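Engineer: My questions concern the predicted model and sequence given below.
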Amino acid sequence: SYGMAGVHIPPGLTAGDGAQVLRDMQSLRAAGELRLRSLVHIGLDTLDEALRMGLRSALGDRWLRLGGVKMFADGSLGSETAEMLVHYEGRRHFGTATLETDVLNDAVARALAGGIAVTIHAIGDAANRRVLDAIELAQMAGGPAPALPNRIEHCQILHPRDIPRFAQLGVVASMQPIHATADMEMA
């Protein structure tokens, strides 16, 4: 009635937050108090447990479903921690990779092989390329695709040759319009 049809809920910053949020949302659903369709994402720290239990993306009903596993490939533009292909203007650094490439590739491969979609924060063009590469490697290994599409959250800075890869790999570019104005000068 307020114009909102649903929400996507990422895990918090503390280990285990995604699992706790999912439990809380299940309690609300069981009590008949969940009034907004919710897609709850788990954190990378709970991926192995979710895979052992056989959880898959889209598990649930129309009110409460399991989303994907949320990961962070880099930082932000304002703090100059978004991972870039070319150094920051007037600086000698390229930002920060928050997940090393081999860790990222392994986590994406395990998630997709187990039927769990990935939802990965990537702002800089280098981080976006590494995430697209990881998804492509995992898809080349075969196996069924998760029931939900893989997503890159923010994807603010992209190298032009990487833009068509989103469609080729079936990756959602989950962009937030506020970044267009909030980070305009930095971009």
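Structural biologist: Alright, I've got the coordinates.

Engineer: can you give me the strands in this protein?
Structural biologist: Secondary structure of the chain, counting by DSSP state E: strands at 6-9, 37-43, 64-72, 118-122, 151-154, 172-174.

Engineer: tell me the most buried of these?
Structural biologist: With neighbours defined as mean count of other C-beta atoms under 10 Å, those peak in mean count at strand 118-122, which reaches a mean of 28. To be clear about C-beta, it is placed using only N, CA and C from the backbone, and glycine gets the same treatment.

Engineer: Could you list the buried residues of the helix or strand of the chain with the lowest mean pLDDT?
Structural biologist: Counting by mean pLDDT, DSSP states H and E, the chain has its least confident helix or strand at helix 178-182, which shows a mean of 78. By 16 or more other C-beta atoms under 10 Å, the buried positions in helix 178-182 come out as His179.

Engineer: so can I have TSV of the strands of the chain showing distance to Glu100 and mean pLDDT?
Structural biologist: As requested, the strands of the chain are exported to TSV (distance: least, C-beta to C-beta, whole Å; pLDDT from 0 to 100):
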stretch	distance to Glu100	mean pLDDT
strand 6-9	26	88
strand 37-43	17	93
strand 64-72	12	95
strand 118-122	14	97
strand 151-154	18	96
strand 172-174	23	96
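
Engineer: Leaving out sequence neighbours, find the closest residue to Arg165.
Structural biologist: Counting by C-beta to C-beta, 6 or more residues apart in numbering, Arg165 lies nearest to Leu132, which is 4.9 Å off, once chain neighbours are set aside.

Engineer: and what of Gly6?
Structural biologist: Arg37 (3.5 Å).

Engineer: what sits against the one you found?
Structural biologist: The contact partners of Arg37, taken as C-beta atoms under 8 Å, 6 or more residues apart in numbering, are 5-7, 62-64.

Engineer: again, only using 10 Å
Structural biologist: Contacts for Arg37 (C-beta atoms under 10 Å, 6 or more residues apart in numbering) come out as 4-8, 60-65.

Engineer: Of all the strands of the chain, which one is nearest Ser27?
Structural biologist: strand 64-72 (10.4 Å; C-beta to C-beta).

Engineer: and of the contacts of Arg37, the nearest to His41?
Structural biologist: The closest of the contacts of Arg37, once distances to His41 are taken by C-beta to C-beta, is His8, at 6.9 Å.

Engineer: which residues in this structure form helices?
Structural biologist: Applying DSSP state H to the chain gives helices spanning 17-30, 47-52, 101-113, 125-140, 163-169, 178-182.
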